[in-house]
Each structure stands twice: as structure tokens, then as C-alpha cells.
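Peer 1: what's the 3D shape of this:
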Amino acid sequence: MRSALAIFKRDFKKFLSNPFMIMMTLFMPIMYLVIFGNAMGGTISHIPVGVVQEVPPYNDTALFTSASYQLNHISQTNAEKLLDVTIYADEAAAKQDLINGKISAVIVIPSSVSNDNAIRLYVDSADSITPPLVEAAVTRVLLGLGSHNPVLVDKIYGDIKYLQFFGVGVIMMAIFTSTMFGGGIALIKDRENGIHEGYLVTPVKRSSIIFGIISSGTLRAFIAGFAIFWIDLLITGIALQSFQDFFLVVLVILIACVGVTSLVVSFASRFSSQAEYSSVIAFFNLILFMTSGAFYPVIGMPGWLRWITVINPEYYGVHALRSIILRNQGLNVIGIDLIALLIFSTAMIILGIVTYRRTLE
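Peer 2: Alright, predicted model coming up:
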């Protein structure tokens, strides 16, 4: 008992002597509550939709005018607008914006010469959560107007299940996890062992160290991400439409690996303790993955949390992969994601080189 008590005292004193670990121990559960609670299951609002009258639209019908107004003013229980309506004069233009991801649905109101008076609703079915909300809003507006027009729903990407929606995000999880345990911890281990310490011991430039570790970490992350990609296709039953889609997926995974690895390595370059690094990187893993849109559409997050996606490399990776795998979209849609990932990677590499510490403290 005396020996056990001595070890207990030593270990507990070591914990108390590290204020950083104490802070993270208390801070992490609170952040899990705040981030996870707001990122999952939030109230979705301001869904962008297009409304257009069926050709030939010689004159706006009373149904088109009233329904457009009501759809743009329908609210959730907390008074947030559910839909942001854009009026289109051309049905083809509205559908093109839907395909390009600018809007989430197209509502086609029948004209006065329509044969069946059916309202056609085209939805982005790659998002399995927002289409039911749009359909419910259309039905609610029709009931309020006393209209009995049938609603025909067209899921333009087929019947996408939540497993397929979430499966794409798992690819980014594999990339971050591989980098977290590979590039980041590997760098700290080398620093603890003195491998990269001091110009006299290892006269290697900081840029060479950072580039070398990022290259190695990127390769490991790419292998992990590429393997999970194939497993994801096998489990979810998704089939790529063309070789071009496959090439784009590989390109996105590679660029995402560079971006995430650069972030982790530049972050790890500031730590000399694996314990401190592990606690902080777990916190960042939570924030980045929860705000990437992998679990839940970003549009359902509160505004203060949605801003994090602007600087979140995982968000761009998830959006690009989901656009290719589920929507069969090309560079015209994912180009901005690739540019954002490249800019982020460049910034993180520069930051890692500038902030890398050459001596142990």
C-alpha cells in the first residue's frame, strides 16, 4: 500500500504541475457539449429554393403569386425563415442552378394550361435531410391556400440514404485520424528523442523537416483515405459514374491529405509533449469534423458555428467528395473547394516552417 500511495502521489503531483492539462480536462467536456449539441440536429433554416411557373408563363397565375409569397415567408417554430425563395423566369435555368448546387430544390407551379395541375418538386436528394422539409413546406402552403394540387417529387440523384450521406464524411475522418497519429505524433517523438534538435546534431533546415514530415504524413493519410473510399463504396453500394469521377475523387483525397496533414504538422511543431498535443488535437478533431457537414448539413448549424466552416479544410473535402460521389458533379462545382484546400495547405506549410522550434524547452 505504501508503494502504491507513493506512485499515486507522484502521478497526481505531475498532473497538478501541468496547468495546461488541467484546463483541457475541464474544457473538453464543455466544448463537446457546446459543439456537438449545436452541430447535430439543429433547426435547419434559410434553405435556398427556386420557384418557377410552368411554361408557357404568359401570365402569372394566382397560385404562383400566392404560393411564391407564402413559401418565402414560411417559418419554423422559432420564427426562423425556413426557405429563401428565388423566382426564376426559366425552368431550365432553375434546374441548372439545382444541378450546380446553388439551390436545394426547384418548385414548378403549373400554368393555367396545365393538364394535371400537378406541382413538380425537384430536390437535391444527395442531402437526405433538407428535401423532406421542403416537401412539407410546399404541402403546408398548399393546404393554407386551399389548393388540392398533387405534388410530384423528383429526387434528381435517386434515393440517397443517410448511410451514403454520412459515408463520404468517414473518408475525411480516416485522413485526419491517420495524420493525427502519424505525422503529428511522429514529429513530437522525433523531437523528444532529439532527432531534429539543434543544428550541430542534425544540420537540417526547418523547411526540409516540415516538408519531409508532411510528405510522409500525406502518403499515410492518402493510403488510409483511399482504402476507406473503397470500403465506403462497398458498404453503401454507391457506384461511380465514370473514370473522370474516379480521377476527381483521387485528386480531392490527395489535396485534402496535404491540407489536413499540413494543419496537424504545423500544429504539432509547437508542442514538445505528446500528452499536451493529444489533448489539444482531440479538441480540434471534434470541431473540424463536427463542422465539416459530415454528420449534419451545415445549413442546420447556428451562424456562429457555421463561420468555422470557412476555415475548415474538412468541410471543403467533404463537400467536394459528396459532390462527385453522390451528385456526379465536376470541376465547375468543386473547383472552389480545391482552391480553398490548396490555399489552406500553403498557409499551414508556411506556418509550420516559421513556427517550428529547434530546441527543447
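Peer 1: okay, the residue sitting nearest the centre point of the chain: pLDDT?
Peer 2: Closest residue to the average C-alpha location of the chain: S292 at 2.3 Å, with C-alpha atoms, centre = their mean. Looking at S292, its pLDDT is 87.
Peer 1: against M301, how distant is it?
Peer 2: Using C-beta to C-beta, to the nearest Å, one obtains 11 Å as the distance from S292 to M301. Glycine gets a C-beta too; all of them are placed from N, C-alpha and C.
Peer 1: so is the residue nearest to the centre of the chain in a helix, a strand, or just coil?
Peer 2: Following DSSP: H, G, I helix; E, B strand; the rest coil, we place S292 in the coil state.
Peer 1: contacts only, for it.
Peer 2: Taking C-beta atoms under 8 Å, 6 or more residues apart in numbering as the contact definition, S292 lies against 169, 172, 309, 312, 314-315, 317-318.
Peer 1: out of the residues you listed, which sit inside helices?
Peer 2: Members of those lying in helices (criterion: DSSP state H): 169, 172, 314-315, 317-318.
Peer 1: for the residues you listed, which one is nearest I30?
Peer 2: E314 (22.1 Å; C-beta to C-beta).
Peer 1: contact partners for the closest one?
Peer 2: With contacts taken as C-beta under 8 Å, 6+ apart, E314 has the following neighbours: 172, 176, 256, 260, 288-289, 291-292, 294.
Peer 1: and which of those residues is nearest K102?
Peer 2: When the contacts of E314 are compared against K102 (criterion: C-beta to C-beta), the nearest one is S292, at 20.6 Å.
Peer 1: find the nearest non-adjacent residue to that closest one, please.
Peer 2: Spatial nearest neighbour of S292, chain neighbours left out: E314 (3.8 Å); criterion: C-beta to C-beta, 6 or more residues apart in numbering.
Peer 1: number of nearby residues for D11?
Peer 2: For D11, the neighbour count with other C-beta atoms under 10 Å is 10.
Peer 1: tell me the pLDDT at it?
Peer 2: Reported pLDDT for D11: 70.
Peer 1: check W307 too.
Peer 2: What the model reports as pLDDT for W307 is 82.
Peer 1: now I336
Peer 2: pLDDT at I336 comes out at 92.
Peer 1: the chain should start at 341 in everything you say after this.
Peer 2: Got it, first residue is 341 now, which makes that one I676.
Peer 1: that one sits in which helix or strand?
Peer 2: According to DSSP states H and E, I676 maps onto helix 671-695.
Peer 1: ok, residues contacting that helix?
Peer 2: 440-441, 546-547, 550-551, 554, 588, 591-592, 595-596, 598-599, 602-603, 605-606, 609-610, 651, 653, 656-657, 659-660, 663-664, 667.
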